[in-house]
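>>> Quick one: sequence plus predicted model below, questions after.
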Amino acid sequence: MALDPSLDPALDLAARAVEEAEATLVTAGAGMGVVSGLPDFRGPEGFWRAYPAFRDLGLRFEQLASPHWFFRDPALAWGFYGHRLGLYRETVPHEGFGTLLRWASGTRHGAFVFTSNVDGQFQKAGFPDGRVAECHGSIHHLQCLRGCGEPIRSADGVVVEVDAASCRAREPFPTCPGCRGLARPNILLFGDLGWDDARTSAQMETLGDWLDGVTGPLVVLELGAGTSVPSVRTFSERAVQGTRRTLVRINPREPELGRGFGSPASDSLEHLLSTSRHAARPSGISLPLGALEAIRAIDARLAAGRR
């Protein structure tokens with residue numbers, strides 16, 4: 001399907017920002033993985049389409065994604081997270097991940113990823129683990145449910161058997177090697193006071209050091225991050241404070257930029273390019289497109305410019 005021609009100026013500017021960048025910060029929310037076949041939990045209907053057993057129980061995603069269930073009903077909690085662990089292991093990242101990696105491969109500082117996704121798709125697509133910061137943790141790592149002090153460990157080799165009809169896990173459940181009690185995913189859940197943030201804190205420190213070392217043009221490619229849990233959008237806007245930094249916000253439903261950003265809908269391309277290079281305030285580009293759709297469109301412009 002052809003794109004709306006009114007998006008051409010914004011797409012041209014986005015391609016220019018990618019081309020001129022010495023560093024690429026990819027910030028990604030759930031919309032990045034939907035094209036790969038991962039379920040969309042937007043609203044109760046989206047969640048229940050993926051997990052009809054929880055419709056019968058009247059449980060929404062934000063209710064189930066709570067440490068409460070690991071204490072009250074481990075079979076239910078591990079049924080949900082065990083299924084997701086298996087799903088994410090089987091999912092093949094879409095082509096857009098590889099395109100992002102290719103864009104950044106020839107730049108001075110390469111790429112770094114900041115994501116609220118817990119699925120490990122960026123690492124699976126080839127991004128080095130040391131260049132990914134997972135602000136909500138990772139389903140591919142486990143921690144002690146009761147916080148006995150045992151370090152976070154990899155979930156590699158852990159298999160959780162789940163009954164497909166009831167979405168309940170069968171024993172044995174994953175356990176903590178320290179206290180032999182129940183283990184849980186190292187994911188920040190709703191109302192979570194027991195999340196072990198040691199791994200994420202180390203990732204964020206590495207990301208901070210990387211950003212401090214970037215003095216040339218930086219492009220922040222924000223993909224599929226919504227406002228319901230604004231962790232990614234907030235970080236993106238913080239990361240582009242200063243000169244020579246451009247935010248490209250890609251979201252089909254919520255592409256609006258925060259306060260203080262220019263709008264490609266109201267400014268000429270020449271003015272936006274000037275703003276991107278010289279103004280003290282951050283430069284922003286809004287693209288109301290899906291993640292893969294936008295990546296393909298920007299890549300086509302980059303390819304055309306190299307001919």
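Structure's in. What do you need?

>>> all helices in the stretch 101-250 of the chain, in order from the N-terminus.
121-124, 198-212, 231-239 (DSSP state H, counting those that start in this stretch).

>>> For the shortest one, give me every contacting residue.
Read that as helix 121-124. 26, 28, 32-33, 36, 38, 88, 91-93, 97, 113, 115, 129, 132 (Cβ atoms under 8 Å, 6 or more residues apart in numbering). Every C-beta, even on glycine, is put in place using the N, C-alpha and C of the backbone.

>>> how about a cut-off of 7 Å?
Here helix 121-124 makes contact (Cβ atoms under 7 Å, 6 or more residues apart in numbering) with 33, 36, 91, 93, 97, 113, 115, 129, 132.

>>> wouldn't residue 224 be in contact with residue 26 here?
No. Assessed by Cβ atoms under 7 Å, residue 224 is found out of contact with residue 26, at 10.9 Å.

>>> Dump the helices of the stretch 101-250 of the chain into CSV; add mean neighbour count and mean pLDDT as well.
Written out in CSV, the entries for the helices of the stretch 101-250 of the chain read as follows (neighbours: other Cβ atoms under 10 Å; pLDDT from 0 to 100):
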stretch, mean neighbour count, mean pLDDT
helix 121-124, 21, 98
helix 198-212, 15, 98
helix 231-239, 20, 96
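
>>> Which one, of those, ends up nearest to residue 181?
helix 198-212 (18.5 Å; Cβ to Cβ).

>>> so how far is that closest one from its chain's centroid?
16 Å (Cα atoms, centre = their mean, to the nearest Å).

>>> for that helix, packing partners?
strand 111-115, strand 132-134 (3 or more Cβ pairs under 7 Å, 6 or more residues apart in numbering; DSSP states H and E).

>>> Counting by contacts, list what the longest one packs against.
The reference is to strand 111-115. strand 23-28, helix 95-105, strand 132-134, helix 198-212.

>>> switch to 8 Å and redo it
strand 23-28, helix 95-105, strand 132-134, helix 198-212, helix 231-239 (3 or more Cβ pairs under 8 Å, 6 or more residues apart in numbering; DSSP states H and E).

>>> Likewise for the last one?
Helices and strands in packing contact with strand 132-134 are listed as strand 111-115, helix 198-212; criterion 3+ Cβ pairs under 8 Å, 6+ apart.
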